[in-house]
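S.K.: following is a predicted model, sequence given first.
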Amino acid sequence: MAIERTLSIIKPDATRRNLTGKVNAMLEAGGLRIVAQKRLLLTRAQAESFYAVHKERPFFDDLCTFMTSGPVVVQVLEGENAVAKNREIMGATDPSKAAEGTIRKTYAESIESNSAHGSDSLENAAIEIAYFFSATAIVG
Ligand code: ADP
Ligand code: MG
């Protein structure tokens with residue numbers, strides 16, 4: 001097991017319902033530490049660039065509209081196997097398929113408005129973290 005860092009985003013459906021603390025309590029209870037954090041309104045260009053891997057998917061435009069519909073909280077999580085651990089705590093993309101007790105099962109409104117983002121690999125975590133944070137903004 002290794003200490004890793006991963007990028008987490010609390011999505012606009014969750015900030016709108018004032019769930020930032022509740023989502024982060026679940027991440028912290030799962031053993032992850034928040035080592036960098038900021039609240040921001042993504043621009044369309046930022047959302048399109050962040051989700052560029054999905055640009056050919058039918059849901060891409062709607063996803064970018066959703067991700068710019070309100071504030072997000074972007075944060076770096078640190079801990080043992082943080083990439084996989086964050087995704088385990090979040091649950092499946094589709095909340096109807098997510099396990100009981102996960103963030104998405106508990107709070108997501110739909111497969112799109114699913115409350116949280118988590119990097120899907122250590123390699124992508126490094127890319128996504130660097131997209132939002134300079135090294136000096138991360139305090140472990
Ligand atoms: P995850 O966030 O679990 O890694 P993906 O990377 O596949 O999932 O998709 C990125 C985001 O795009 C999802 O979290 C969700 O907000 C949205 N999304 C994924 N699949 C769909 C879909 N079939 N319809 C609408 N939105 C979707
Ligand atoms: Mg993904």
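M.R.: Sure, I can see it. Residues are numbered from 1 along each chain as shown. Ligands and ions are numbered 1, 2, ... in the order given.

S.K.: spell out which parts of the protein neighbour ligand 1.
M.R.: His54, Phe59, Leu63, Thr93, Ile111, Glu112, Asn114, His117, Asp120 (CB under 6 Å from any ligand atom). Using the backbone N, CA and C atoms, a C-beta is placed for each residue, glycine as well.

S.K.: against Ala47, how distant is the first one?
M.R.: Right, the one you point to is His54. Applying CB to CB, to the nearest Å, the value for His54 to Ala47 is 11 Å.

S.K.: okay, which residue is most central for this protein?
M.R.: Nearest to the mean C-alpha position of the chain, by CA atoms, centre = their mean, lies His117 at 2.3 Å.

S.K.: what's the one helix or strand that one maps to packed up against?
M.R.: Per DSSP states H and E: His117 is located in strand 116-118. When contacts are defined as 3 or more CB pairs under 8 Å, 6 or more residues apart in numbering; DSSP states H and E, strand 116-118 sits against strand 3-10, helix 82-90.

S.K.: at 6 Å what do you get?
M.R.: Under the contact criterion of 3 or more CB pairs under 6 Å, 6 or more residues apart in numbering; DSSP states H and E, strand 116-118 touches helix 82-90.

S.K.: my guess is the residue nearest to the centre of the chain meets Pro12, correct?
M.R.: No - contact criterion CB atoms under 6 Å: His117 and Pro12 do not qualify, at 11.1 Å.
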